[in-house]
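# quick one: sequence and predicted model below, then my questions.
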Amino acid sequence: MDEYSGVAGGGVTIPAEVLVVGASASGLSTVEALRRKGYVGNITVIGEELHAPYDRPPLSKQVLSGAWAPDRAALRTQEILASWNTGFVHGDSAIALDLLTRTVRAESGRELQADAIVIATGVRPRTLAGQPRLNGVHVLRTLDDALGLRTDLLDCSRLVVVGEGVLGSEIAATARAMGVEVTITGPQAAPMALQVGPLVSGLLAELHSERGVRLRLGTGVVGLTGEDGRVAGVQLGTGEDLPADVVVVAIGAAPATDWLADSGPRLDNGVVCDSRCRAAEGIYAVGDVARWYHEQLGGLMRLENRTNATEQAAAVAGVILGEDRPYVPVPYFWTDQFDAKIQVYGALPADAHVEIVDGDISARRFVALYRADGVVTGVLGWNMSKQARQRRQEIVDAFGDLVPVH
Amino acid sequence: MKVVIDEDKCVAAGQCVAAASEVFDQRDEDGVVVLLNENPPAEIADDVRQAAAVCPALAIQIAE
């Protein structure tokens, strides 16, 4: 393996010190990729949580249901973390960045200076505006969120999930499988309609209904009602009042960029980056917080997907070490709800033409190909994970048919 | 190098197959990982490490 230190090929100066702000999937993947690529310089990671770094996808599934103890969601073993020879600062938050000196100031007063800084601060869940603080109202982003929600669900008779996106749909499925009476509500017509389009979201609506989830979709939420400081219900735009003793708000998330407000990098729905995920000289962003220029799709893109955290981190590690390649991923996510394992590659626009190219919808085992203007934009597998992956290349090939870019 | 997979953690993303198809495959019926060679040869060790690094479910462990 090559060892990177000092000056790499092409005269690029390799930083002596890398600072990663954020200790979740994208931050840790950056460290892992730097070390795997042979970087021998100093690395420091600062993260706001006290927990050892953990993975988020299991939070709404195995951790929430109790199938896994929380430590099974650890991102890497302590042994592997130690092998990275990296300084970890847990339980301290970055509050400011000085671009000129590349210094991050933390809440504790600590100042961390580096030659390259990787912003990996992720997103924070949105909450319902203008609502009173009520017990029993949850969001789900962190391990503590998941454990708190689980505690409430164990003693819950009626859960209302506000938000019919991926996270809301997963929480509804997990809670229902725990035996909780669940209602899901949100403005779209069916679960995940924005993410998978009308055909598959219709199938998800059928699945959730069959399993006993009540759907109150196609309507907005007006507000929450409470009694004695505890949530009592969710009021819908239709006038209906859904009784609840626990409510989960899963209405999306906003990039955690408050700490950068006066720092200089352009902020617009994330840290705006070039095609190399560079926000400024020596400043990079990875994962949910990064909004970078996807050269082949010809626009700024921000992905809150698990695999993006790893792939973008590897790309940025390469750029830091002097590789000069644009980051041009095929977006991918999966979701597990009841017995449905759904894999999604690329983009699935609501008005796309959808063709079933393998399997059978009635058997709930199929691969769907999505085309817009005749060009393949996405692939979805429903209980056909391998077969869906095998068609991913069709999206890559279609990148070449797109109108370029620049 | 010894490779250990955790089928229970696997989410059937198939990233491992893309990284090291000589070592990993997926079951046709549910996409869960199939380990083709638990002691891969040195010349593909880096691909196997890549597979472990990109697995979004952290389902691949490697003992060097």
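Right, received. Where do you want to start?
# residues of the stretch 251-400 of chain A that sit close to chain B?
Counting by Cβ under 8 Å from any Cβ of the partner chain, the residues of the stretch 251-400 of chain A lying close to chain B are A:306-307, A:310-311, A:314, A:332, A:334, A:336, A:341, A:343, A:381, A:383-387, A:389. Quick note: C-beta positions are derived from backbone N, CA and C, even for glycine.
# try it again with 7 Å
A:Arg306, A:Thr307, A:Thr310, A:Trp334, A:Lys341, A:Gln343, A:Ser385, A:Lys386, A:Arg389 (Cβ under 7 Å from any Cβ of the partner chain).
# my guess is the last one contacts B:Gly14, does it?
Yes. In this structure, A:Arg389 is within contact of B:Gly14 by Cβ atoms under 7 Å, at 3.9 Å.
# what about the closest residue to chain B within the stretch 51-200 of chain A, how many neighbours?
Nearest to chain B, among the residues of the stretch 51-200 of chain A, is A:Asp55, at 6.1 Å (Cβ to the nearest Cβ). The tally of other residues near A:Asp55 (other Cβ atoms under 10 Å in any protein chain shown) stands at 22.
# swap in B:Ala51?
For B:Ala51, using other Cβ under 10 Å, the count is 25.
# per-residue confidence for A:Val405?
Looking at A:Val405, its pLDDT is 41.
# picking that back up, contacting residues for the residue of the stretch 51-200 of chain A closest to chain B?
Neighbouring residues of A:Asp55 by Cβ atoms under 7 Å, 6 or more residues apart in numbering or on different chains: A:Ala25, A:Ala73, A:Leu75, B:Leu58.
# which one of the residues you listed is nearest to A:Thr185?
A:Ala73 (28.1 Å; Cβ to Cβ).
# tell me, how many residues neighbour that closest one?
When counting by other Cβ under 10 Å, one arrives at 22 neighbours for A:Ala73.
# what count of nearby residues applies to the closest residue to A:Asn383 other than its chain neighbours?
Residue nearest to A:Asn383 in three dimensions, not counting chain neighbours: A:Arg365, with 4.5 Å by Cβ to Cβ, 6 or more residues apart in numbering or on different chains. Around A:Arg365 there are 17 other residues, counting by other Cβ under 10 Å.
# how would you label the closest residue to B:Val33 other than its chain neighbours: helix, strand or coil?
In space, and not counting its chain neighbours, B:Val33 is closest to B:Cys10: 4.7 Å by Cβ to Cβ, 6+ apart. Secondary structure assignment for B:Cys10 (DSSP: H, G, I helix; E, B strand; the rest coil): coil.
# so who does B:Cys10 touch?
Applying Cβ under 7 Å, 6+ apart, the residues near B:Cys10 are B:Val32, B:Val33, B:Ala57, B:Ala59.
# can you give me the distance of it to B:Cys16?
Distance, B:Cys10 to B:Cys16, by Cβ to Cβ, to the nearest Å: 9 Å.
# among the contacts of B:Cys10, which one lies nearest to A:Ser275?
Of all these, A:Ser275 sits closest to B:Ala57, with 28.8 Å by Cβ to Cβ.
# just give the closest residue to the closest one, not the sequence neighbours.
Nearest non-adjacent residue to B:Ala57, counting by Cβ to Cβ, 6+ apart: B:Val11, 4.3 Å away.
# that neighbour: neighbour count?
24.
# got it, and A:Thr101?
Residues contacting A:Thr101 under the criterion other Cβ under 10 Å number 10.
# need the three-state assignment for it.
Under three-state DSSP, A:Thr101 falls in the coil class.
# which other helices and strands contact the helix or strand harbouring A:Gly27?
Secondary structure from DSSP states H and E places A:Gly27 in helix A:25-36. Judged by 3 or more Cβ pairs under 7 Å, 6 or more residues apart in numbering or on different chains; DSSP states H and E, the packing partners of helix A:25-36 are strand A:17-21, strand A:42-47, helix A:306-320, helix B:45-54.
# any chance of the contacts of B:Cys10 in a markdown table, plus neighbour count?
Below are the contacts of B:Cys10 laid out as a markdown table (neighbours: other Cβ atoms under 10 Å in any protein chain shown):
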| residue | neighbour count |
| --- | --- |
| B:Val32 | 19 |
| B:Val33 | 27 |
| B:Ala57 | 20 |
| B:Ala59 | 20 |
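# identify the bridge partners of A:Tyr293.
A:Leu300 (DSSP bridges).
# how about the residue of chain B found nearest chain A, nearest residue that isn't a chain neighbour?
Relative to chain A, the nearest point of chain B is B:Gly31 (2.6 Å; Cβ to the nearest Cβ). Once flanking residues are discounted, B:Gly31 sits nearest to A:Ser385: 2.6 Å by Cβ to Cβ, 6+ apart.
# unless I'm mixing things up, the one you found is touching A:Gln343, no?
Yes. Shown here, A:Ser385 and A:Gln343 form a contact pair, counting by Cβ under 7 Å, at 5.1 Å.
# could you name every residue contacting both of those two?
B:Ala12.
# coming back round to it: burial of the residue nearest to B:Gly31, as a residue count?
Neighbours around A:Ser385, by other Cβ under 10 Å: 26.
# which stretch of helix or strand covers the residue minimising distance to the centre of chain A?
Chain A has A:Glu304 as the residue nearest its centroid, 3.0 Å off, counting by Cα atoms, centre = their mean. For A:Glu304, there is no host helix or strand (DSSP H and E).
# in stretch B:29-37, what's buried?
Neighbour-count burial for stretch B:29-37 flags B:Gly31, B:Val32, B:Val33, B:Val34 (criterion: 16 or more other Cβ atoms under 10 Å in any protein chain shown).
# in helices, which of the residues you listed appear?
Judged by DSSP state H, these include no members of helices.
# now intersect the residues you listed with the strands, please.
Among these, DSSP state E puts B:Val33, B:Val34 in strands.
# could I get the buried residues of stretch B:29-37 as a markdown table with pLDDT?
Output for the buried residues of stretch B:29-37, formatted as a markdown table (pLDDT from 0 to 100):
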| residue | pLDDT |
| --- | --- |
| B:Gly31 | 97 |
| B:Val32 | 97 |
| B:Val33 | 98 |
| B:Val34 | 98 |
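# which of the buried residues of stretch B:29-37 sits closest to A:Val234?
Nearest to A:Val234 among the buried residues of stretch B:29-37, with distances taken as Cβ to Cβ, is B:Gly31, at 36.2 Å.
# identify the residues contacting that closest one.
Contacts of B:Gly31 (Cβ under 7 Å, 6+ apart): A:Lys341, A:Ser385, A:Lys386, B:Ala12, B:Gly14.
# which one of the residues you listed has the most neighbours?
Neighbour max across those (other Cβ under 10 Å) = B:Gly14, 28 neighbours.
# so for it, what's the pLDDT?
We have a pLDDT of 96 for B:Gly14.
# residue contacts, it?
For B:Gly14, the contact set (Cβ under 7 Å, 6+ apart) comprises A:Ser385, A:Lys386, A:Arg389, B:Gln26, B:Gly31.
# helix or strand: which one has the residue lying closest to A:Gln78 once chain neighbours are set aside?
Leaving out its chain neighbours, the residue that sits closest to A:Gln78 by Cβ to Cβ, 6+ apart is A:Ala52, at 7.1 Å. Using DSSP H and E, A:Ala52 is not contained in any helix or strand.
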